[in-house]
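*Asks:* Generate coordinates for the sequence data below:
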Amino acid sequence: MNGQRSIRAHGQRGAVLVIVLILLLVMTWMGVASMRGTSMGERMSAGIYDRSISFQAAEAALREAEALIALKPVFPTSDCNAGLCAQRVDLAASDTMRWEDSTVAWREAVSNLDVDNSGTSIVADPEYLIEAMGIAPNWPGCDREIPINEKCMSPRYRVSARSAEADRARVVLQASVSGF
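*Replies:* Modelled structure (predicted):
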């Protein structure tokens, strides 16, 4: 009997080491996979946070532009000047929209967000562009009434606002605003 035990013990010397190494390899692989998942989740939540901040900044710029429209600014007679653009009369199909044109000068918004109450802005330059779109009816069919109601027609403006958070999240918003 003593001989059989020594033969079995001698034949199993490396088996435990191999099993432990395999288990260690599996545990390491599971740890790395878990760290990758956590890292991906953190990057996704940072992207959502950046987009949210950028959206809020663009929304604030949009509201600032609407407040400027209420003050009835003087629009240039042609092209754009400091974020105010004249009405385009002869828009060809090949023309680039002003809010897509990189040569148009946008107006910087003064409303930056201070999310962490530190006194420093964390939003990268929200800005807006106001385009005169001409006179349009304020409600459907009012321009076909006889006589036309005095409140029927008013100037229309397209307001485009954009913002970027740390060059990671870009947001562009547009609104159609009637003159007051």
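*Asks:* so what's residue 94 scoring on pLDDT?
*Replies:* pLDDT for residue 94: 62.
*Asks:* ugh, wrong one, I meant residue 166
*Replies:* We have a pLDDT of 65 for residue 166.
*Asks:* can you start the count at 452 instead of 1 from here on
*Replies:* Got it, first residue is 452 now, which makes that one residue 617.
*Asks:* now for the helix or strand containing residue 479, which elements pack on it?
*Replies:* Using DSSP states H and E, residue 479 sits within helix 466-521. With contacts taken as 3 or more Cβ pairs under 8 Å, 6 or more residues apart in numbering; DSSP states H and E, helix 466-521 sits against strand 575-588, strand 604-616, strand 620-629. C-beta coordinates here come from the backbone N, C-alpha and C atoms, glycine included.
*Asks:* State the next helix or strand along the chain beyond it.
*Replies:* strand 531-532.
*Asks:* Next, the angle strand 620-629 makes with the helix holding residue 479.
*Replies:* Interaxial angle, helix 466-521 versus strand 620-629 (axes from the mean of the first three to the mean of the last three Cα atoms, to 10 degrees): 30 degrees.
*Asks:* orientation of helix 466-521 relative to strand 604-616 in degrees?
*Replies:* If you take the same axes, to 10 degrees, helix 466-521 sits at 150 degrees to strand 604-616.
*Asks:* what angle do helix 466-521 and strand 575-588 make?
*Replies:* Using the same axes, to 10 degrees, helix 466-521 lies at 50 degrees relative to strand 575-588.
*Asks:* Please tell me how far residue 535 sits from residue 476.
*Replies:* Distance, residue 535 to residue 476, by Cβ to Cβ, to the nearest Å: 66 Å.
*Asks:* who's more crowded, those two?
*Replies:* Neighbours were counted for residue 535 and for residue 476 using other Cβ atoms under 10 Å; residue 535 has more, 21 against 10.
*Asks:* Is the more buried one bridged to anything, and to what?
*Replies:* residue 532, residue 581 (DSSP bridges).
*Asks:* Flag the shaky bits of the protein, pLDDT-wise.
*Replies:* The model of the chain has pLDDT under 70 over residues 452-464, 542-545, 562-575, 617-618, 631.
*Asks:* spatially speaking, which residue is in the middle of it?
*Replies:* residue 622 (2.8 Å; Cα atoms, centre = their mean).
*Asks:* Show me which of the helices and strands packed on helix 466-521 has the highest average neighbour count.
*Replies:* Highest mean neighbour count of the helices and strands packed on helix 466-521: strand 604-616, a mean of 21 (counted as mean count of other Cβ atoms under 10 Å).
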